[in-house]
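>>> Sequence and predicted structure are below.
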Amino acid sequence: MLVEHVEVTRELLALLSRTVFVHARNPPRDPTLPQLPAASASLIAAAAAPRASAVSCCAEPAESAGASPAAAAAAAAASAGTPVPRTSILVVGGTGTLGRQIVKRALDEGYDVRCIVRPRESPADFLRDWGAQTVSANLADPASLPAALVGIHTVIDAATARPEESVSQVDWEGKVALVQAAQAMGIQKYVFFSIHDCDRHPDVPLMAAKAATEAFLAETGLDYTVFRLCGLMQGLIGNYAVPILEERSVYGTSDQTRTAYLDTQDIARMTLAALNPERAAATRRWTATLAGPKAFTVDEVIALCEDLSESRAQVSRVPTPVLRGLQAVLSGFQWARDASDRLAFARVMSDSAVISAPMDETYAALGLSEADTTTLEGYLGEYFSRILKKLRDVGAESKQTNFYV
């Protein structure tokens with residue numbers, strides 16, 4: 001009966017959200033972001049009734065049916081609701097570079113994982129193969145979100161707009177709709193991934209959206225943890241490691257920005273540590289920057305790839321003033337606005353800054369040790385070791401081989 005009631009409630013929420021739309025709550029207005037569209041009435045409907053009704057909405061009061069006092073007491077207990085298991089989590093962005101590592105880690109640790117997936121040509125079969133449940137929903141369609149939250153204790157939001165998508169629609173409007181839905185559905189924990197120092201760059205759309213979402217989340221009554229990321233080691237494979245092996249040019253800027261990259265597997269480990277009941281007090285309504293053990297410049301990353309691959313890189317440098325100029329030109333064209341937005345983000349990453357933060361307090365709060373965190377030297381060393389072994393095994397030239405393995 002529990003499963004049946006949850007499914008009925010899911011269908012009702014979906015029906016409500018498809019047919020009636022009203023404004024649920026006004027988010028904080030940011031001058032760099034568009035006005036939020038009206039939210040689904042299903043959010044208000046869910047907020048007005050206890051989330052426990054999802055498991056007891058079809059039960060009649062025992063007294064009205066002439067039941068015994070014992071039966072009436074049992075019915076009253078049922079109407080109070082069945083607690084949602086702490087192990088039930090929803091991962092948003094589960095097909096992404098970071099999200100899939102969180103899904104895999106959570107499954108390995110015994111969590112019941114549900115993932116939001118969008119209809120796509122390449123279905124997320126690997127998530128189901130791992131043991132996760134998938135539900136169809138989309139941040140660009142707020143009406144699809146409430147039903148995905150039925151029976152969920154914790155939401156882990158690792159999604160962000162793809163290059164072809166609108167930052168405003170996905171990383172602002174979609175995220176506010178998701179937070180509203182989580183609040184209305186009584187979600188117990190909300191984990192949000194943001195960007196280091198996003199609040200210091202309101203002129204960069206993606207960072208402005210992240211900062212505004214952080215502010216909106218803080219205004220809710222949700223128990224949240226915000227992790228601000230510096231950089232992902234996995235991104236260096238496509239940007240530097242593969243082009244060097246394929247004897248193609250790699251691109252960098254003329255500055256000395258240093259970034260403390262983290263392996264997504266370590267980020268997943270830290271995320272699950274934040275869900276540990278023993279860490280609940282330390283991570284309640286908490287914001288922390290996650291940084292790798294050491295910060296590297298682009299030149300140092302390229303040199304490391306050269307040493308490990310036994311190759312020489314063809315480096316093409318883009319002066320920072322050129323990035324600024326190109327951003328100004330593209331911002332004048334509506335069709336190029338998203339390209340301009342991403343150039344603005346790239347420019348922030350090219351201002352000779354140090355994109356890092358101390359991690360001592362964070363490791364202590366999570367009950368983890370830096371000694372267990374992967375270094376960039378170790379990560380790239382393992383990657384090139386596997387690739388070069390494959391090359392030796394097949395006797396191939398580097399530029400004839402697929403290096404995304």
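That came through, no problem. Numbering: from 1, shown residues only.

>>> Between the two ends of stretch 354-369, how far is it?
One end of stretch 354-369 sits 23 Å from the other (CA to CA, to the nearest Å).

>>> what's the answer for stretch 89-101, then?
14 Å.

>>> and the helix or strand containing E377, what other elements does it pack with?
Under the criterion of DSSP states H and E, E377 resides in helix 376-394. On a contact count with 3 or more CB pairs under 8 Å, 6 or more residues apart in numbering; DSSP states H and E, helix 376-394 meets helix 298-309. Using the backbone N, CA and C atoms, a C-beta is placed for each residue, glycine as well.

>>> what angle sits between the helix it packs on and helix 376-394?
40 degrees (axes from the mean of the first three to the mean of the last three CA atoms, to 10 degrees).

>>> quick one: average pLDDT of helix 298-309?
Average pLDDT, helix 298-309: 93.

>>> can I have it written out in PDB, keeping just the CAs?
Extracted in PDB, the C-alpha atoms of helix 298-309 (Å, rounded to 0.1, in the frame of the first residue of the first chain):
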ATOM      1  CA  VAL A 298      48.100  26.400 -16.800                       C
ATOM      2  CA  ASP A 299      51.900  26.300 -17.700                       C
ATOM      3  CA  GLU A 300      52.500  23.900 -14.800                       C
ATOM      4  CA  VAL A 301      49.600  21.700 -15.900                       C
ATOM      5  CA  ILE A 302      51.000  21.600 -19.500                       C
ATOM      6  CA  ALA A 303      54.500  20.800 -18.200                       C
ATOM      7  CA  LEU A 304      53.200  18.000 -16.100                       C
ATOM      8  CA  CYS A 305      51.300  16.500 -19.100                       C
ATOM      9  CA  GLU A 306      54.500  16.800 -21.200                       C
ATOM     10  CA  ASP A 307      56.600  15.000 -18.600                       C
ATOM     11  CA  LEU A 308      54.100  12.200 -18.000                       C
ATOM     12  CA  SER A 309      53.300  11.700 -21.700                       C
END
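
>>> Give me the contacts around that helix.
236, 240-241, 244-245, 250, 252-253, 256-257, 296, 311-313, 315, 376-377, 380-381, 384-385, 387-388, 398 (CB atoms under 8 Å, 6 or more residues apart in numbering).

>>> Could you do stretch 268-277 as well?
Surrounding stretch 268-277, the residues in contact under the criterion CB under 8 Å, 6+ apart are 86, 89, 98, 101-102, 104-106, 109, 111, 154, 156, 189, 191, 225, 227, 279, 283, 290, 362, 366-368, 372.

>>> and L90, which of the three is it?
Per DSSP: H, G, I helix; E, B strand; the rest coil, the secondary structure class of L90 is strand.

>>> meant to ask about S168
S168 - assigned by three-state DSSP - is helix.

>>> What pairs with the helix or strand encompassing R114, parallel or antiparallel?
Using DSSP H and E, R114 sits within strand 112-117. Note on strand 112-117: by DSSP bridges, its sheet partners are strand 88-92 (parallel), strand 133-136 (parallel).

>>> Restricting to C-alpha, output it in CSV.
What follows is strand 112-117 as a C-alpha-only set of coordinates in CSV (Å, rounded to 0.1, in the frame of the first residue of the first chain):
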residue,chain,number,x,y,z
ASP,A,112,18.7,4.4,-2.5
VAL,A,113,19.4,6.8,-5.4
ARG,A,114,17.0,8.4,-7.7
CYS,A,115,18.2,10.5,-10.6
ILE,A,116,16.4,13.2,-12.7
VAL,A,117,17.0,12.6,-16.4
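
>>> what's the model's confidence in it, averaged?
Computed over strand 112-117, the mean pLDDT rounds to 96.

>>> do the same with stretch 267-274
For stretch 267-274, mean pLDDT is 98.

>>> what do you get for stretch 167-176?
94.

>>> Ends of that stretch, what's the gap?
Note: stretch 167-176 ends 13 Å apart using CA to CA.

>>> Same check on stretch 128-138?
End-to-end span of stretch 128-138 (CA to CA): 18 Å.

>>> any idea where the strands of the stretch 251-400 of the chain begin and end?
Per DSSP state E, counting those that start in this stretch, the stretch 251-400 of the chain carries strands over the ranges 258-259, 286-290, 314-318, 354-355.

>>> which helices and strands does the second one pack with?
In terms of contact count using 3+ CB pairs under 8 Å, 6+ apart, strand 286-290 is assigned the packing partners strand 224-229, helix 360-366.

>>> How about the first one?
Taking 3+ CB pairs under 8 Å, 6+ apart as the contact definition, the neighbouring helices and strands of strand 258-259 are strand 354-355.

>>> for the protein, which spans come out with low pLDDT?
1-82, 120-123, 253, 318-352, 391-405 (pLDDT under 70).

>>> tell me the domain boundaries of it?
Residue ranges for each domain of the chain read 2-62+72-229, 298-400, as given by automatic domain parsing.

>>> Adding distance to L217 and mean neighbour count, write the strands of the stretch 251-400 of the chain out as a markdown table.
As requested, the strands of the stretch 251-400 of the chain are exported to a markdown table (distance: least, CB to CB, whole Å; neighbours: other CB atoms under 10 Å):
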| stretch | distance to L217 | mean neighbour count |
| --- | --- | --- |
| strand 258-259 | 25 | 22 |
| strand 286-290 | 9 | 19 |
| strand 314-318 | 35 | 13 |
| strand 354-355 | 22 | 18 |
